[in-house]
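Participant: kindly return the folded structure for what I paste below:
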Amino acid sequence: MFNGKRLSLARKRQRLTAKELAERASVSPVTITRLETGQNQADPATLDRLAEVLGYPGTFFFKEDPALLSSEIVSFRSLSSMTAKERNAALAAGDTGVELYEWLESHYNLPHLDLPAFDPGLTPEAAADALRQHWGLGYRPIANLMKLMEAKGIRILGLEESTANVDAFSFWQSDKAYVFLNSFKSAERSIFDTAHELGHLVLHRHGETSGADEDTRTAEIEANRFAAAFLMPEEDIRVRMPRLITAELIVRAKKRWRVSAMALAYRLRHLPKPMLSEWQYRAICIELGKRGYRTAEPDTVGRETSILWGKVLTELWSERKSLESVAAQLSLPIHEIEKLLHGILPRQEGGNPGPHTPVKLVT
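Facilitator: Have a look, this model is predicted:
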């Protein structure tokens, strides 16, 4: 039976209003509304036009209900800066990502989730320390945060949204933890984004993160505090950083914790017992800005990629299969699978692995 919720998902993923879809498919807006609400069934001719306009296989519209994520459970950075189309497209990407991981779980043994529920009264810094101890990290730097999180059962995917308003988000769905990352930032800032979303999963699993503006701002600040403490533990910072701190020292030292120069300077200023005065912090920020560290990250560390998906694609290649075979099994267009893996795949010699031919990854 034709599923109107699937039509709504595909339309929103393509950032189309019901009116825009109706115009492109040469049907009335009322027809789209009736189809999406289940009042009507699509006749073959209408279905063919809708599938062609949206770029989805016709079989997609006969699948069971999608997850239908809501903005209340997804950790969007700022709903006020997002258009309705951007929000809906990102939520649709989340729905598709859930389905992709359900397929993955049915074909492979995935790591079990190891993300305990801590006391909601913990400060972000205390929660970061508790998670480090639970995972047996101590206070040493984390060599590869994405690899660590995947090993702990957190489901990570990419985004290709072509907008700075949707750079990363996370959510809980059916007791599974998901993180979606946009790779348009530097490697260091992407790592911080990853830790930021981990903070949301740890701190805000009991409540909403995208409610009122004030609640959203509070949640964002808490996630940033968690990320800073998780990536740059105070104990390690104090042991490694000397008393006399300069911009040049920060540029060299940031590589230890794989963070941006600005993030390290901010951390040094905002420790419980700051290692930088306000005057020193401002002077260092000005110097780092002159060197280009405010808008970019010269001499960047290597970008983290997904170990899990690298192994999956290697296995597909060994079976002479490609991402197209996965898309076909899920009744999805190949470009939607590509978007979900954008920026998180290991690079092949000569560029990114192509989805339309068997894939072999360099390990």
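Participant: okay, domains of this structure per the record?
Facilitator: For the chain, automatic domain parsing gives the domain ranges 4-66, 91-231, 234-290, 305-363.
Participant: any idea which of those has the lowest pLDDT on average?
Facilitator: Lowest mean pLDDT within the domains of the chain: domain 305-363, at a mean of 78.
Participant: if we can go back for a sec, nearest to Lys85, out of the domains of the chain?
Facilitator: domain 4-66 (4.3 Å; C-beta to C-beta). For glycine as for every other residue, the C-beta is placed from the backbone atoms N, C-alpha and C.
Participant: circling back to that earlier point, can you put the domains of the chain in CSV and add mean neighbour count and distance to Ser75?
Facilitator: Listed next are the domains of the chain as CSV, based on neighbours: other C-beta atoms under 10 Å; distance: least, C-beta to C-beta, whole Å:
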stretch, mean neighbour count, distance to Ser75
domain 4-66, 17, 19
domain 91-231, 18, 4
domain 234-290, 17, 19
domain 305-363, 16, 18
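Participant: possible to save these as CSV with distance to Met82?
Facilitator: Below are the domains of the chain laid out as CSV (distance: least, C-beta to C-beta, whole Å):
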stretch, distance to Met82
domain 4-66, 12
domain 91-231, 5
domain 234-290, 24
domain 305-363, 18
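Participant: out of these, which comes closest to Glu72?
Facilitator: Among those, domain 91-231 comes nearest to Glu72, with 5.0 Å by C-beta to C-beta.
Participant: end to end on the closest one, go ahead and measure it.
Facilitator: One end of domain 91-231 sits 28 Å from the other (C-alpha to C-alpha, to the nearest Å).
Participant: how far off centre is that domain?
Facilitator: Relative to its parent chain, domain 91-231 has a centroid offset of 8 Å by C-alpha atoms, centre = their mean, to the nearest Å.
Participant: the stretch 101-250 of the chain: helices as residue ranges?
Facilitator: In the stretch 101-250 of the chain, the segments counted as helices under DSSP state H, counting those that start in this stretch are 124-134, 145-151, 187-203, 213-231, 234-240, 247-257.
Participant: quick one, what contacts Phe61?
Facilitator: Residues in contact with Phe61, defined by C-beta atoms under 8 Å, 6 or more residues apart in numbering, are 2-3, 6-7, 10, 42, 47, 50-51.
Participant: thinking Arg205 is in contact with Trp172, fair?
Facilitator: Yes - at 5.5 Å, Arg205 and Trp172 qualify as touching, with contact defined as C-beta atoms under 8 Å.
Participant: tell me where this protein has strands.
Facilitator: With strands called from DSSP state E, the chain shows them at 155-159, 168-173, 176-182.
Participant: I'd like those strands as TSV, with distance to Ala283 appended.
Facilitator: Formatted as TSV, the strands of the chain follow (distance: least, C-beta to C-beta, whole Å):
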stretch	distance to Ala283
strand 155-159	36
strand 168-173	31
strand 176-182	32
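Participant: relative to Pro333, which of those is closest?
Facilitator: Nearest of those to Pro333, taken as C-beta to C-beta: strand 155-159 at 16.1 Å.
Participant: report the angle between that closest one and helix 187-203.
Facilitator: Counting by axes from the mean of the first three to the mean of the last three C-alpha atoms, to 10 degrees, strand 155-159 points 130 degrees away from the direction of helix 187-203.
Participant: strand 155-159 pairs with which strands, and in what direction?
Facilitator: Looking at strand 155-159 with DSSP bridges, its partner strands are strand 176-182 (parallel).
Participant: for Pro298, phi and psi?
Facilitator: With angles defined as degrees, to the nearest 10, Pro298 sits at phi -60, psi 150.
Participant: many thanks, have a good one.
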